[in-house]
Each structure stands twice: as structure tokens, then as C-alpha cells.
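>>> Take a look and give me a structure for this.
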Amino acid sequence: MCLAIPSKIVEINNNIGTLDVDGVKRKASLLLLEDPKIGEYVIVHAGFALHKIDESAAMETLKLLREAAAKVEQRH
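A predicted model of the protein is given here:
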């Protein structure tokens with residue numbers, strides 16, 4: 001199973017993007033994207049940004065993931 005979490009591009013250097021998810025930063029290849037730009041949201045799998053996602057969909061997905069994580073925390 002794969003969980004795709006929207007990530008925001010905050011830096012681009014030689015087709016490698018620095019991506020941010022709630023303050024956690026990681027690097028991923030942007031080679032599979034057409035014209036990636038800082039500020040755009042992407043879905044990443046196995047170290048590659050696979051496609052762009054619009055900001056409203058990214059924010060809604062992140063909100064739902066936070067709510068799910070909070071429910072798991074409440075059970076423990």
C-alpha cells in the first residue's frame with residue numbers, strides 16, 4: 001500500500017526539488033514533471049514527483065490526514 005501525501009516544492013536545484021510537508025523537508029526528483037515551479041504541490045512516490053496537484057486539493061488532503069492521525073492518537 002502506498003500513501004501519497006501532497007508536498008510543496010520550496011526549492012529547485014538541477015531537477016531535484018526540496019519538498020515540504022508540515023515543516024518536514026525531503027528531496028525528490030522533478031524529472032517526471034513538466035515545468036515544475038516553487039510553490040506548486042506534487043505527489044511523490046519512490047523519490048520521484050509523479051504529478052502536480054492543485055493547492056486546494058492538497059490542503060484538503062492534508063487536513064484529512066491530520067484528522068485521521070488525531071483519531072489514531074486518541075485511541076492510544
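>>> Neighbours of residue 58, how many?
Residue 58: 20 surrounding residues under other CB atoms under 10 Å. (C-beta placed from N, C-alpha, C; glycine too.)
>>> I'd say it and residue 6 touch.
Yes: using CB atoms under 8 Å, residue 58 is in contact with residue 6, at 3.6 Å.
>>> got any residues that touch both of the two?
Taking CB atoms under 8 Å, 6 or more residues apart in numbering as the criterion, residue 58 and residue 6 both touch residue 41.
>>> Residue 71: what secondary structure?
What DSSP: H, G, I helix; E, B strand; the rest coil gives for residue 71 is helix.
>>> distance of it from residue 46?
Residue 71 is 28 Å from residue 46, where distance means CB to CB, to the nearest Å.
>>> quick one, strands of this protein?
For the chain, the strands defined by DSSP state E cover 7-13, 16-21, 24-29, 41-45, 48-53.
>>> Run through who's touching the last one.
The list of residues contacting strand 48-53 from outside it, by CB under 8 Å, 6+ apart, reads 6-7, 9, 17, 19, 28-33, 36, 40-44, 61.
>>> filter the residues you listed to the buried ones?
Buried subset of those (neighbour count, 16 or more other CB atoms under 10 Å): 6-7, 9, 17, 19, 28, 30, 33, 36, 40-44, 61.
>>> Between all of the residues you listed, which two are separated the most?
Using CB to CB, the buried ones among the contacts of strand 48-53 span at most 19.9 Å, a distance reached by 30 and 61.
>>> What average pLDDT does stretch 19-28 get?
What stretch 19-28 shows for mean pLDDT is 93.
>>> for that stretch, the distance to its chain's centre please.
In terms of CA atoms, centre = their mean, to the nearest Å, the centre of stretch 19-28 is set 7 Å apart from its chain centre.
>>> Check stretch 13-22 too.
Between the centre of stretch 13-22 and the centre of its chain there are 9 Å (CA atoms, centre = their mean).
>>> Convert the C-alpha atoms of that stretch to PDB, please.
What follows is stretch 13-22, C-alpha atoms only, in PDB (Å, rounded to 0.1, in the frame of the first residue of the first chain):
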ATOM      1  CA  ASN A  13      18.200  22.700  -7.900                       C
ATOM      2  CA  ASN A  14      19.200  20.700 -11.000                       C
ATOM      3  CA  ASN A  15      15.800  18.900 -11.300                       C
ATOM      4  CA  ILE A  16      15.900  18.000  -7.600                       C
ATOM      5  CA  GLY A  17      13.200  19.600  -5.500                       C
ATOM      6  CA  THR A  18      13.200  20.300  -1.800                       C
ATOM      7  CA  LEU A  19       9.700  19.400  -0.700                       C
ATOM      8  CA  ASP A  20       7.900  20.500   2.500                       C
ATOM      9  CA  VAL A  21       5.100  18.700   4.300                       C
ATOM     10  CA  ASP A  22       4.300  20.500   7.600                       C
END
